[in-house]
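Colleague: Here is a sequence with its predicted model. Questions after.
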Amino acid sequence: MAGFFVGGAALAATAWLVVACLRLGSLAERLLGWWLVVCAEVVAAAEVLSLAHAIRPLGYALFEAGALLIALAAWLHLGRPCPRGLLHMCAHAHLHMGTHAHRRPMWTHVPLVLLALAVLLGAGYELFLVVTTPPNNWDSMHYHLARVAAWRAQRSLDYFPTHNGIENAYPQNAELLVLWTVVALGRDVAAALPQLLAGLATATAVYAIARRLGHAAVASGFAALLFPTLTIVALESVTTQNDLVEASFVAAGVALALGRGRATAALAGAALGLAAGTKLTFLYAVPPLAAIGLLALPRRRLAGVAAAALAGFALVGAYAYVQNLVETGRPQGRALEIESMPPHVTLTGTISTVLRTSYRLIDLSGFHPKTVLTEHVSGAAKRLFDALGVPANPPESTTPGTFRFNWGVTNGPSEDSSAFGPLGFLLLAPLSVGYLAAWALRRTDRRRGALALALPLYIVALSLGTRWNFYVTRFLVTPIALTLPLAPTVLRRVSLRTAAAVLGAAALALALAYDPTKPTGLGGTPPVWDRGRVDVETINRGELRGVLEAVAARVPAGARLGVDLASYDWEYPLWGPRLERRLVWLPEQPAGGLDWVVLGTGVRQRPPGRWCAQRFPKADWTLLRRC
């Protein structure tokens, strides 16, 4: 625990010194710079230490000490620049508000205060969940944390044996942030912290972009505070997924690119490099970023940011792509998900995916609306598809199996398939369409028009790049973050701000209250913080409970455990609560010396030798013990 706090303090101090040396202007720029420097240092540390198979507490400590000394030397060399502190900036903001007190009665700020209170309470509850409950959502258990555990065990980012190719192939920057917490603590007690911080960083970027557009500080702050209330943002803030991390980098890159000076251009480039190394869906953000660059930036500024982005990608974004190229001959690597997701592009299929993705923005997660209401919405959507002659599930652009589109309105919170709550379809989508219309009529400038293009361009790029499934909606976190800075224009009236604050606070509260992955007890089940680890890990996969309980009770903590799993089986829980076991992948690795083996779904082939078997019919798994 001490290593976590000491290492975190070293990271924070290094970032503060770097930001001080860069002499950034506003508090928002400094906060974004701090976030980017911390993330870049953690990513660079893992990549450098991996080359020496030194990913362990001592390796991180030496790297962080070296980085801190270099930053300190630069700070001293530049004359000890000291930016205005947080208290000074807050006091300045207070005085700024005070100068306008005679223009606006204090009661007009009530929506902002209420929204800020809701976000503060929500963030506090999310932090409580992060540090008191183990990760348990599907993607975290399936590959995010599984790859973290494997890297920690082998002390490098090298390819490792696995049943799940995306653990090796996918870009890894978000998981490298998780890896730092796991190595420092020896367990996953703070594994979801990067996502929570990324959500707050994205809100800061929304504020900075809104200020660049000329909106007042209070209006910009209100727009920024709406971001953490969006349903998928709240739900992902307590997971180890990576959508918020990617969004934070892209939004920070745009906010800094819209600024002035070489320092902000360099940081913008670093942000985009980090984003490219976080998630393959960054490719869908390239068209919106290109539009913003071409329409909102002077040519010289655009060239500087582009050059910085290439450098940022080379330094903190390219590692996984280069490794994939060496290992598989393809920068994106090889995995079933990577090879099966691209659609067979047709006009009909693309239009269908655009419409299906847009329809899924109608999200009432947690509100539990009456069936008659959702049936009216579903019926209207079906009639629109029929009138346009657009098929609901064209095979060339639809993921086969259980991921087919249906007309139901989302009403159950899910960190995988929820969207953005009522604000998504009542405010954000209309905001994009309205600004595009205003731009076409020359009633707004091209900077705002460029941001309004972010959502539709992203949806079109996504439709050309992936087959539709229920999970694509959460990829829209990035363009939604770029759309939110336009909100102050339409939220000028106190009544509208009050309505937005109420809807946002309600969506946040209901998402967290009815999150099935982190239940609060409202559904009649025990709250997540009162449950044991195995019970929590199997909330979404109850059939695995018997398997994991048997492994926890019988397989020694430091044992080598053989595993032979099917493609979608979870291996992360098998590492143990403190990741003390070592997994041996069968049949790729020799089974000699093993006393315990786990066979996954439908796997029947046993390693040589005499084994006593315990079958788990519900999961179709088997636990073997050497007889």
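Modeller: The structure has been received and is ready for your questions.
Colleague: Flag every buried residue along whichever helix or strand residue 263 is part of.
Modeller: Using DSSP states H and E, residue 263 sits within helix 262-276. For helix 262-276, the neighbour count (16 or more other C-beta atoms under 10 Å) marks 263-276 as buried. Every residue, glycine included, has its C-beta placed from N, CA and C.
Colleague: Where does pLDDT dip in the stretch 351-500 of the chain?
Modeller: 402 (pLDDT under 70).
Colleague: Would you map the helices across it?
Modeller: Using DSSP state H, counting those that start in this stretch, the helices of the stretch 351-500 of the chain run over residues 371-388, 421-423, 429-440, 446-452, 454-465, 477-483, 494-513.
Colleague: show me the contacts for residue 16.
Modeller: residue 34 (C-beta atoms under 8 Å, 6 or more residues apart in numbering).
Colleague: still on that earlier bit, average pLDDT for the helix holding residue 263?
Modeller: The pLDDT scores in helix 262-276 average 97.
Colleague: from the middle of its chain, how far away would stretch 532-540 be?
Modeller: Centroid displacement of stretch 532-540 relative to its chain, using C-alpha atoms, centre = their mean, to the nearest Å, is 22 Å.
Colleague: CA atoms only: put that stretch into PDB for me.
Modeller: Extracted C-alpha coordinates of stretch 532-540, given in PDB (Å, rounded to 0.1, in the frame of the first residue of the first chain):
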ATOM      1  CA  GLY A 532     -17.600 -12.300  -1.000                       C
ATOM      2  CA  ARG A 533     -15.200 -12.000  -3.800                       C
ATOM      3  CA  VAL A 534     -16.400 -15.100  -5.700                       C
ATOM      4  CA  ASP A 535     -20.000 -14.100  -5.300                       C
ATOM      5  CA  VAL A 536     -19.300 -10.700  -6.800                       C
ATOM      6  CA  GLU A 537     -17.200 -12.000  -9.600                       C
ATOM      7  CA  THR A 538     -20.000 -14.400 -10.700                       C
ATOM      8  CA  ILE A 539     -22.900 -11.900 -10.500                       C
ATOM      9  CA  ASN A 540     -23.100 -11.900 -14.300                       C
END
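Colleague: just to revisit the earlier point, show me what the following helix or strand past the helix holding residue 263 is in contact with.
Modeller: Helices and strands here follow DSSP H and E; after helix 262-276, the next one along the chain is helix 282-296. Applying C-beta under 8 Å, 6+ apart, the external contacts of helix 282-296 come out as 171, 246, 250, 253-254, 257-258, 272, 275-276, 302, 305-306, 446-447, 449-451, 453-455, 457-458, 460-462, 465, 475, 478-479, 482.
Colleague: Same question for stretch 342-359.
Modeller: Under C-beta under 8 Å, 6+ apart, the answer for stretch 342-359 is 381, 384-385, 388, 390-394, 396-398, 405, 429, 459-460, 462-468, 472-473, 476.
Colleague: ok, now stretch 445-461?
Modeller: Contacts to stretch 445-461, defined as C-beta under 8 Å, 6+ apart, come from residues 209, 212-213, 258, 283-288, 291-292, 294-296, 350, 354, 357-358, 428-429, 431-436, 438-439, 475-476, 478-480, 482-483, 485-486.
Colleague: What's the end-to-end length of that stretch?
Modeller: End-to-end distance of stretch 445-461 (C-alpha to C-alpha, to the nearest Å): 24 Å.
Colleague: Now do the helix holding residue 263 and helix 282-296, the angle between them.
Modeller: Orientation check (axes from the mean of the first three to the mean of the last three C-alpha atoms, to 10 degrees): helix 262-276 against helix 282-296 gives 150 degrees.
Colleague: Centre of the chain to helix 262-276, how far?
Modeller: Worked out by C-alpha atoms, centre = their mean, helix 262-276 lies 18 Å from the chain centre.
Colleague: Could I get the CA-only coordinates of it as PDB?
Modeller: Taking Å, rounded to 0.1, in the frame of the first residue of the first chain, the C-alpha atoms of helix 262-276 are listed here in PDB:
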ATOM      1  CA  ARG A 262       3.900  25.200 -28.700                       C
ATOM      2  CA  ALA A 263       3.400  23.600 -25.300                       C
ATOM      3  CA  THR A 264      -0.300  23.000 -25.800                       C
ATOM      4  CA  ALA A 265       0.400  21.700 -29.400                       C
ATOM      5  CA  ALA A 266       3.000  19.200 -28.000                       C
ATOM      6  CA  LEU A 267       0.600  18.100 -25.300                       C
ATOM      7  CA  ALA A 268      -2.200  17.700 -27.900                       C
ATOM      8  CA  GLY A 269       0.000  15.500 -29.900                       C
ATOM      9  CA  ALA A 270       0.900  13.400 -26.900                       C
ATOM     10  CA  ALA A 271      -2.900  13.100 -26.100                       C
ATOM     11  CA  LEU A 272      -3.700  11.800 -29.600                       C
ATOM     12  CA  GLY A 273      -0.700   9.400 -29.500                       C
ATOM     13  CA  LEU A 274      -2.000   8.000 -26.200                       C
ATOM     14  CA  ALA A 275      -5.500   7.700 -27.700                       C
ATOM     15  CA  ALA A 276      -4.200   5.700 -30.700                       C
END
